[in-house]
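Chemist: okay, predicted coordinates and the sequence, questions at the end:
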Amino acid sequence: MYPLDARGVASLLREYAQRTALRGGNPYRAKAYSRAADSLAALAVPLDVLVAEDRLTEIPGVGDAIADIITKVHKTGSHPSLEKLRKEIPAGVLEMLAVPGLRPEKVLRLYKDLGIGSLSELEAAAKDDRIKKAKGLGAALQTKILQNLAIAKSGEGRLHLHRAAALLAHAKDSIRQSRPELKRVTIAGDFRRGCELVGDLAIVAEAAKPDKTSTPSADGLQIRVSDRKHFGAALLFATGSAGHIEQLQALAAETGMRLGADGLHKGRTLIAGEEAEIYSALGLPFIDPELREGRGEVELGLKGKLPKLVTDQDLRGILHCHTDASDGTETLETMAKATRQRGFEYFGVADHSKSAHYAGGLSVEEIAQQHREADRLNKRFGKDFRILKGIESDILADGSLDYEDDVLERFDFVVASIHGRFKLDHKAQTQRLLRAISDPHTTLIGHMTGRQLQRRPGYEIDVDKVLRACAKHDVVVEINAHPWRLDLDWRWHQAALEFGCMMSINPDAHSISELDHMHWGVLMARKGGVPADRVLNAMTLAEITRYFRQKRRSLARAA
C-alpha cells in the first residue's frame, strides 16, 4: 500500500488543505497546500524518484515545509497533523467547501448549528428552507447555495486555463529532462482544445518504439507514448473531443475506411498517421483543435467554410485595462510602457467610474487629471504608440451609464459593465443591458453575463436579445480574457457573428502580468470561431483611431 504515488499524496494533501481551511488561521496556508496538490496530480516524473533525489522543491508551489509533508505522506500514507484534524470534522463536511461563495466559517456553522454533514444534506436543507431560518446564516446564503451547487458539481476536478497551462508546461519540462529519448512532447486534451476549464491533463510524446506500459491514468496527468508512424493519430484521439472523433470515424466508415488511435486504415493498409494527413484523406482541411467539439465543424470543413481563426499575432492593441487611479496596481505610464514592450500599438485605459466606490472609481476631476497625463505621455510616445482614453462605466440599476453626457463625450471609448444588482430578474436585467446598449456613448459591453468560473453563475439575461441589440446599435461585444471570466462564453460567439456584432478581446488587466491574459481571450475567440476581421482590437492604431472618431461624429450628429 505504501509508499503512495503522486495522485494518492495529492488527494491527502488536498484533504489537508480543506481541513486547514476549516480550522481557520492563515488562509494562504490552505491555498498553498491546494496548489501543491494540483501540481502533484500533474506530475510527469514518479514521486518516489523526486523524494529519493531530494527534488520535491522543483515542483511548482512546493517549498521546504510542504516537501516535508509530502515526504511523510508518501512514505506512511498519512501525517500526524492530518490525523489530528480528522478527529475534529467528519469527511463529508469537506464536500461543502466546493460550493462557491461558501466560506469555511459558514461551512462550520452549517455543520455545528444545523448538523449538515455533506453536500447532499446541504442541498436538502437549502430546498427545505432550513438555512434561511438559522441565525447568522439567512435567506441570502441559502439562495447563494442553491445557485452555486450546480457549479460545485460541474467544476469538480477542473482547473482554470492559466493554472492548467502552468502545470502542463512543468510536466513537459519534466518529461524532456527525465526521458530525453522522447520527441515531439505535445500537450493534448481539453487544454489543446481551448476549453475554459481543464479536467483532462494530457500529453502525447513520440518514441522510437511504442511504450506498451504507458496507458492513460484514471485521473491526473495522462501521458501517451506513440511511435512516429502513429503519433498524429494518437494526438488526435488524445485531443478529442469524443463528439468530434465520432464524426470523423463515421466519415471514415462512409468511405470504407477505419479511424482508430493507431491511424486511418483501409483494410490492413495505413492510409494516414499524421493529423493533417488524416483530415486530408477524409476530404477535410485541417480543423483547428479549438473547433473540435462536434458542433458542426466537420460539416463546415466538407463545405470549405471553416473560419480562419484569429491569432495572438493578429491583435494590434489592448483595451479595457485598469491603473492605480482606480483598483489597478500600476501607474498609467507603467501599464502603457509594458503594453508597448509587448509589441502592441495602443493601450486603452478603462478605469472604474465614480459609482464604483469599492474600486476607487474616478471623479470628474480625476478623469481630467488622467487625460492630461495621457496627453503628456502620448507626446513622448510619438506616432507609433498611443494611450486611448476610455472608462469602464458602471451600468446603473436602471440601465443608465455613470456620469453625465458631457463627461462621457470626453472619452475615446466607453466600456459599459454591470458590477452590482446581479439578482434582478431575467426581464429587468435584460432591459437594464438593452438601455445601456442603446446609449450612443456605449462603445463596448464588458463581461456581458458577469460570470466568474467556479465562483458564480452569470446573471440571468436574454443573451440572444442583447446580442441583437449590440448589432443594431453598433456596440462591440467583449470577450473578457481574464481566466476567471472568459465572458462572453464561446458558445455564443457564432450567434454574435451571425447577428453582425464586432468582438473585442480585452484582458481586464489590473497589473502588468495580467496584460498577458490576452492569450486566453484569443483561445476563447478561436473556440467560438471568431476571425480576425471581426475583432476590434485587431485594427491598427490608425484604423481604431478612425473608428472611434467616426463613432464620436455620429454621436455629435445625433445630439
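Modeler: Great, that's in hand.
Chemist: Glu123: neighbour count?
Modeler: Look at Glu123: counted by other CB atoms under 10 Å, it has 18 neighbours. C-beta: built from backbone N, CA, C; applies to glycine.
Chemist: which element is it on?
Modeler: Assigned by DSSP states H and E, Glu123 belongs to helix 119-127.
Chemist: average pLDDT for that helix?
Modeler: Throughout helix 119-127, pLDDT has a mean value of 91.
Chemist: who's in contact with the helix or strand hosting Ala416?
Modeler: Taking DSSP H and E as the definition, one finds Ala416 inside strand 413-417. The contact list for strand 413-417 (CB atoms under 8 Å, 6 or more residues apart in numbering) reads 319-320, 348, 350, 388-395, 401, 408, 436-437, 439, 441-447, 478, 506, 548, 551.
Chemist: what sits up against the helix holding Glu123?
Modeler: When contacts are defined by CB under 8 Å, 6+ apart, helix 119-127 is touched by residues 92, 95-96, 98-99, 110, 114, 116, 131, 142, 145-146, 149, 152.
Chemist: now with 6 Å, please.
Modeler: For helix 119-127, the surrounding residues in contact (CB atoms under 6 Å, 6 or more residues apart in numbering) are 95-96, 116, 131, 142, 145-146, 149.
Chemist: same check, this time on stretch 344-361
Modeler: 316-323, 325-327, 336, 339, 362-363, 385-388, 390-394, 402, 415, 541.
Chemist: what's around Ala98, how many residues?
Modeler: The tally of other residues near Ala98 (other CB under 10 Å) stands at 18.
Chemist: wait, it touches Ala152, no?
Modeler: Yes: counting by CB atoms under 6 Å, Ala98 touches Ala152, with 4.2 Å between them.
Chemist: thinking again about what came up before, show me the contacts of strand 413-417 that map onto strands.
Modeler: Counting by DSSP state E, the part of the contacts of strand 413-417 found in strands is 319-320, 348, 350, 388-394, 444-445, 478, 506.
Chemist: now the two most distant members of those.
Modeler: Greatest spacing in the ones in strands among the contacts of strand 413-417, by CB to CB: Leu388 and Asp394 (19.8 Å).
Chemist: which residue is nearest the middle of the protein?
Modeler: Nearest residue to the geometric centre of the chain (CA atoms, centre = their mean): Pro483, 3.1 Å.
Chemist: for Gln452, see how far away that residue is.
Modeler: Distance from Pro483 to Gln452, counting by CB to CB, to the nearest Å: 10 Å.
Chemist: would you map the strands across the stretch 101-250 of the chain?
Modeler: With strands called from DSSP state E, counting those that start in this stretch, the stretch 101-250 of the chain shows them at 159-160, 183-187, 197-198, 202-206, 222-226.
Chemist: now do stretch 316-336: distance to the chain's middle.
Modeler: 21 Å (CA atoms, centre = their mean, to the nearest Å).
Chemist: could you list the buried residues of it?
Modeler: For stretch 316-336, a neighbour-count test (16 or more other CB atoms under 10 Å) marks 316-326, 328, 330, 332, 335-336 as buried.
Chemist: equivalent analysis for stretch 189-206, please.
Modeler: Buried, per 16+ other CB under 10 Å, within stretch 189-206: 189-198, 200-206.
Chemist: and for stretch 293-309?
Modeler: For stretch 293-309, burial by neighbour count (16+ other CB under 10 Å) applies to 293-295, 297-298, 300-301, 306-307, 309.
Chemist: from those residues, which land in helices?
Modeler: Judged by DSSP state H, helices contain the following of these: 297-298, 300-301.
Chemist: pLDDT weak spots in this protein?
Modeler: 1, 154-157, 210-219, 558-559 (pLDDT under 70).
Chemist: all strands for the stretch 351-500 of the chain, in order.
Modeler: Counting by DSSP E, counting those that start in this stretch, the stretch 351-500 of the chain has these strands, from start to end: 386-394, 413-417, 444-445, 476-480.
Chemist: shouldn't Ile505 be in contact with Ile479?
Modeler: Yes: between Ile505 and Ile479 there is a contact under CB under 6 Å: 4.9 Å.
Chemist: common neighbours of these two, please.
Modeler: Residues touching both Ile505 and Ile479 (CB under 6 Å, 6+ apart): 521, 525.
Chemist: pull up the pairing partners for the strand holding Ala416, direction included.
Modeler: Note on strand 413-417: by DSSP bridges, its sheet partners are strand 386-394 (parallel), strand 444-445 (parallel).
Chemist: looking at these, which is nearest to Arg163?
Modeler: Nearest to Arg163, of all these, is strand 386-394, at 25.8 Å by CB to CB.
Chemist: CA atoms of the closest one as CSV?
Modeler: Extracted in CSV, the C-alpha atoms of strand 386-394 (Å, rounded to 0.1, in the frame of the first residue of the first chain):
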residue,chain,number,x,y,z
ARG,A,386,-0.9,55.8,-28.2
ILE,A,387,-2.9,55.7,-25.0
LEU,A,388,-6.6,55.7,-25.8
LYS,A,389,-8.8,57.4,-23.2
GLY,A,390,-11.6,55.1,-22.0
ILE,A,391,-13.7,54.4,-18.9
GLU,A,392,-15.4,51.3,-17.6
SER,A,393,-18.7,52.9,-16.8
ASP,A,394,-21.0,51.1,-14.4
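Chemist: which residues are contacting that strand?
Modeler: 336, 346-350, 352-353, 355-356, 371, 374, 377-378, 401-402, 411-417, 419, 541.
Chemist: what's the local residue count around Ala281?
Modeler: Look at Ala281: counted by other CB under 10 Å, it has 17 neighbours.
Chemist: picking that back up, of the contacts of helix 119-127, which belong to helices?
Modeler: Under the assignment DSSP H, the contacts of helix 119-127 contribute 142, 145-146, 149 to helices.
Chemist: among the residues you listed, which ones are buried?
Modeler: Buried members of those, scored by 16+ other CB under 10 Å, are 142, 145, 149.
Chemist: quick check: Gln18 touching Met96?
Modeler: No: contact criterion CB under 6 Å: Gln18 and Met96 do not qualify, at 9.7 Å.
Chemist: which residues do those two both contact?
Modeler: By CB under 6 Å, 6+ apart, Gln18 and Met96 have no common neighbours.
Chemist: the ones in strands among the contacts of strand 413-417, buried ones only, as a ChimeraX selection?
Modeler: In ChimeraX, this line selects whichever of the ones in strands among the contacts of strand 413-417 come out buried by 16+ other CB under 10 Å:
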select :319,320,348,350,388,389,390,391,392,393,394,444,445,478,506
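Chemist: what is the burial count for the closest residue to Met96 other than its chain neighbours?
Modeler: Computed as CB to CB, 6 or more residues apart in numbering, the closest residue to Met96 that is not its neighbour in sequence is Val107, at 4.8 Å. Neighbourhood size, Val107 [other CB under 10 Å]: 22.
Chemist: wait, Val107 touches Leu94, no?
Modeler: No: the pair Val107 / Leu94 is not scored as a contact, 8.5 Å apart, by CB under 6 Å.
Chemist: shared neighbours of these two, which are they?
Modeler: Residues touching both Val107 and Leu94 (CB under 6 Å, 6+ apart): there are none.
Chemist: how near is Thr143 to Leu110?
Modeler: Distance from Thr143 to Leu110, by CB to CB: 15 Å.
Chemist: settle it for me: which of these two has more neighbours?
Modeler: Leu110 (25 against 14).
Chemist: rewinding a little: for Leu12, find the nearest of the strands paired with strand 413-417.
Modeler: With CB to CB as the measure, strand 386-394 is the member of the strands paired with strand 413-417 nearest Leu12 (43.3 Å).
Chemist: now do that closest one: distance to the chain's middle.
Modeler: Averaging C-alpha positions (CA atoms, centre = their mean) puts strand 386-394 24 Å from its chain's average.
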